[in-house]
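Novice: Structure of the sequence below:
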Amino acid sequence: MISVVIPSLGGDLSETLNSLNSGTVKPDEIIICLPNKDHSVKDLSIYKNTVVVYSEKYGQVYQRIFGFRKSKYEYILQLDDDVYVDKNSLEVLESIISSTEDVSISPLWYETTDESPLTKRKKVGVLMSFYYWMINGSMGYAPGKISLAGTNFGVNPNYVDANSNLFEVDWQPGGCIMHRRENILLEDYYPYSGKAHFEDLIHSHLLRKSGISLFVAINAKCMIKLNPRLSFRGELYRDYKARLYFVKMANLSIVRMHIHYVVYIAKSLIGKKL
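Specialist: Modelled structure (predicted):
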């Protein structure tokens, strides 16, 4: 049986809730965790398996953990409120996690607009090869891994074995992961207020440190709208501060991390994407 936990600020969550309730396997409960009663969810009464709880504190990680504590069932899907799951995804994730121990399972990610993979193909060329070497040494580009600079490589379907149903990774996007109840983390591990930059890297590191293996289920699929790049005036400093915290936690390279930011800022200033 499956619990779904969604931290949210409320509003119209119909697309996410409809996707959950339209699959081949439906959740037994959906818990939406809002910070307080000043927030609400539109048309919630039409979803019979859905309840709202109030954490009385803002913060995506804190709200998610509060929802975990309220959940009832053996398998728990953490989900962001802007993520849509494919109709077969819960069935695939439940089937895998019910037959394995000490694992967390996530789907492959796609864009909602054209259903193309969220992680694009590896960029080629001498300059990109040099960049990958600067941030990750001889390993270079490594799908599903975390670089020595504390940057993360996603998983593109073209780089996985089509004959395998699982792909082991160093990290999982926090927007959609299924856990066994005994493996969930119940302490608020994110040290800063505001938007939780790189909480998924911190979360993944802590899971692996506790002995949990992380896998992507090749046949499971979720979708999200692609986020815009960071604002230099707004989010870049928070991004830097959170990544530095993670790099120190994971004993990675602060020098390589700074190289990444120099390249990132330079490319952004001249209007090119890295």
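Novice: so is the residue lying closest to Thr24 once chain neighbours are set aside in a helix, a strand, or just coil?
Specialist: Distances taken as Cβ to Cβ, 6 or more residues apart in numbering put Glu91 closest to Thr24, at 4.6 Å, once the chain neighbours are dropped. C-betas here are computed from N, CA, C, even on glycine. Three-state call for Glu91 (DSSP: H, G, I helix; E, B strand; the rest coil): helix.
Novice: What's the separation between Glu91 and Ala220?
Specialist: 9 Å (Cβ to Cβ, to the nearest Å).
Novice: Neighbour count: those two, which is higher?
Specialist: Counted by other Cβ atoms under 10 Å, Glu91 and Ala220 do not tie: Ala220 has more neighbours, with 24 against 17.
Novice: Work out for me the element the closest residue in space to the more buried one that isn't next to it in sequence sits within.
Specialist: Closest residue in space to Ala220, ignoring its immediate chain neighbours: Pro107 at 3.5 Å, by Cβ to Cβ, 6+ apart. Per DSSP states H and E, Pro107 falls inside strand 103-111.
Novice: Can you list the residue ranges for helices in the stretch 151-274 of the chain?
Specialist: For the stretch 151-274 of the chain, the helices defined by DSSP state H, counting those that start in this stretch cover 199-209, 236-249, 254-269.
Novice: wait, doesn't His39 sit right on Leu13?
Specialist: No. The criterion here is Cβ atoms under 8 Å, and His39 misses it with Leu13 at 11.3 Å.
Novice: more crowded one of those two?
Specialist: Each of His39 and Leu13 has its neighbours counted (other Cβ under 10 Å); Leu13 has more, 21 against 15.
Novice: what about the more buried one, distance to Ile96?
Specialist: With Cβ to Cβ as the criterion, Leu13 and Ile96 are 26 Å apart.
Novice: returning to that earlier point: and the strand holding Pro107, what does it pack onto?
Specialist: Counting contacts by 3 or more Cβ pairs under 8 Å, 6 or more residues apart in numbering; DSSP states H and E, strand 103-111 is packed against helix 89-97, strand 176-180, strand 213-224.
Novice: out of the helices of the stretch 151-274 of the chain, deepest packed?
Specialist: Of all these, helix 199-209 has the most neighbours on average by mean count of other Cβ atoms under 10 Å, namely a mean of 20.
Novice: Please export the C-alpha coordinates of that one as CSV.
Specialist: Presented in CSV, the C-alpha positions along helix 199-209 are these (Å, rounded to 0.1, in the frame of the first residue of the first chain):
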residue,chain,number,x,y,z
GLU,A,199,18.3,19.4,-0.8
ASP,A,200,18.1,16.4,-3.1
LEU,A,201,21.9,16.1,-3.2
ILE,A,202,22.1,16.4,0.6
HIS,A,203,19.2,13.9,1.0
SER,A,204,20.8,11.4,-1.4
HIS,A,205,24.1,11.7,0.4
LEU,A,206,22.5,11.0,3.7
LEU,A,207,20.5,8.0,2.4
ARG,A,208,23.6,6.4,0.9
LYS,A,209,25.6,7.1,4.1
